[in-house]
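Give me coordinates for this.
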Amino acid sequence: MGGHSFAIRAASRAGATALVASAVASPAAAALVGAPQPGQIGLLPANTPVQADIEWFHNAILLPVTIGISVLVLALLAYVVFRFNERANPTPSRTAHNGPLEIAWTVLPALVLVVIAVPSFRLLAEQLVIPEPDMTLKVTASQWHWNYGYPKDAGGFSFDSLIKEDKDLKPGEPRLLTVDNAVYLPVGKVIEVDVTSQDVIHSFSVPSFGVKIDAIPGRLNKAWFKPEQEGVFYGQCSNICGIDHAFMPIEIHVVSQDAYQTWLAGAKKQFARADGLDVADAERVIP
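Prediction:
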């Protein structure tokens with residue numbers, strides 16, 4: 001039984017590799033790559049409205065506030081060191097309170113928090129309020145791989161996605177991020193992601209999509225994204241979920257509707273079998 005299951009999995013991986021090569025033949029599919037590059041600084045390229053807003057919030061609000069506070073504290077420390085050292089100030093002041101100063105350092109931080117809170121709440125609402133989805137992707141985490149389930153109207157199939165070993169990598173495929181069976185999704189569609197786990201707590205994280213959601217056993221967490229450009233985007237489990245936590249990557253290909261339909265037609269045949277049962281045929285027979 002174990003050898004039979006291994007043979008099925010090996011055949012599935014080989015077939016999926018062929019599907020990947022045929023489905024994404026157009027150069028547009030690799031127009032944008034959501035993966036880290038050597039020497040890169042900053043966030044990965046945004047490919048959803050949510051992630052674009054996250055980057056704006058980080059660059060326009062958080063960075064200036066952080067830099068401003070750091071510079072102010074550094075200036076105050078330097079002033080204290082040079083103005084109130086023993087040599088410059090041999091007779092220290094006996095002042096214990098300064099009313100205006102105490103009011104200022106209470107009110108000003110509160111105003112800074114208000115400046116941060118207003119766009120932050122708007123961004124949280126944007127992330128949590130899911131618009132009407134065009135399709136739903138079921139994501140199930142396990143130690144240590146992901147399983148992706150497509151809805152019945154897309155074939156009703158599911159497949160495991162495991163990290164590619166170094167010896168199997170092709171030129172251009174990033175190490176520790178490439179998988180054997182990648183997820184394919186159509187560009188410009190609202191994708192709802194339903195995330196759960198079979199064992200421990202994992203975290204489904206794709207930085208370019210602005211998605212980071214916990215996968216918890218016995219609980220279904222929901223998120224969403226709307227990819228705006230075609231390309232290949234990577235993520236990882238971002239919770240420490242066990243010994244192979246670092247080897248649980250996510251690979252998502254965003255392709256045109258035509259390329260998606262081409263991949264879908266092959267994937268239905270490739271993945272619609274489980275333990276010898278044709279899931280697609282069973283669904284047509286069972287009312």
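
and this structure, what are its domains?
Following automatic domain parsing, one finds the domains of the chain at 2-38+131-285, 49-128.

Please identify the deepest-packed of those domains.
Highest mean neighbour count of these: domain 2-38+131-285, a mean of 17 (counted as mean count of other CB atoms under 10 Å). Backbone N, C-alpha and C define where each C-beta goes, glycine included.

how about the strands of the stretch 51-200 of the chain, start to end?
135-142, 145-149, 158-161, 183-186, 191-197 (DSSP state E, counting those that start in this stretch).

just checking, what packs against the longest one?
When contacts are defined as 3 or more CB pairs under 8 Å, 6 or more residues apart in numbering; DSSP states H and E, strand 135-142 sits against strand 145-149, strand 183-186, strand 191-197, strand 202-206, strand 211-215.

Pairing partners for the last one, with directions?
Within its sheet, strand 211-215 is paired with strand 202-206 (antiparallel), according to DSSP bridges.

and what of the shortest one?
Sheet partners assigned to strand 183-186 using DSSP bridges are listed as strand 249-255 (parallel).

Going by mean pLDDT, which of the domains of the chain comes out lowest?
Here the lowest mean pLDDT among the domains of the chain goes to domain 2-38+131-285, at a mean of 82.

Quick check: Ser161 touching Trp146?
Yes: applying CB atoms under 8 Å, one finds Ser161 in contact with Trp146, separated by 4.7 Å.

what's the overlap in contacts for the two?
Counting by CB atoms under 8 Å, 6 or more residues apart in numbering, the common neighbours of Ser161 and Trp146 are Ile250.

related to what we said a few turns ago, relative to Tyr260, which of the helices and strands packed on strand 135-142 is closest?
With CB to CB as the measure, strand 183-186 is the member of those nearest Tyr260 (4.2 Å).

quick one: contacts for the residue nearest in space to the middle of the chain?
Nearest to the geometric centre of the chain sits Val206, at 1.5 Å (CA atoms, centre = their mean). Val206 makes contacts with Gly34, Lys212, Phe225, Phe233, Tyr234, Gly235, Ile250, Ile252, as judged by CB under 8 Å, 6+ apart.

From Val139, how far off is the residue lying closest to it once chain neighbours are set aside?
Among residues not flanking Val206 along the chain, Gly235 sits closest, at 3.6 Å (CB to CB, 6 or more residues apart in numbering). From Gly235 across to Val139, the span is 11 Å (CB to CB, to the nearest Å).

related to what we said a few turns ago, tell me which of the contacts of Val206 is nearest to Val65?
The closest of the contacts of Val206, once distances to Val65 are taken by CB to CB, is Lys212, at 22.0 Å.

Pretty sure that closest one sits against His202.
No: counting by CB under 8 Å, Lys212 does not reach His202; the two are 11.3 Å apart.

hang on, the earlier thing: what values do phi and psi take at the residue nearest to Val206?
The phi and psi values for Gly235, taken as degrees, to the nearest 10, are phi -150, psi -170.

and it, bridged to which residues?
Under the criterion used (DSSP bridges), Gly235 bridges to Ile250.

Touching, it and Ser203? I think so.
No: counting by CB under 8 Å, Gly235 does not reach Ser203; the two are 9.5 Å apart.

got the contact list for the residue nearest to Lys138 when sequence neighbours are not counted?
In space, and not counting its chain neighbours, Lys138 is closest to Gly149: 3.5 Å by CB to CB, 6+ apart. For Gly149, the contacting residues are Leu137, Lys138, Val139, Thr140, Phe157, Ser158, by CB under 8 Å, 6+ apart.
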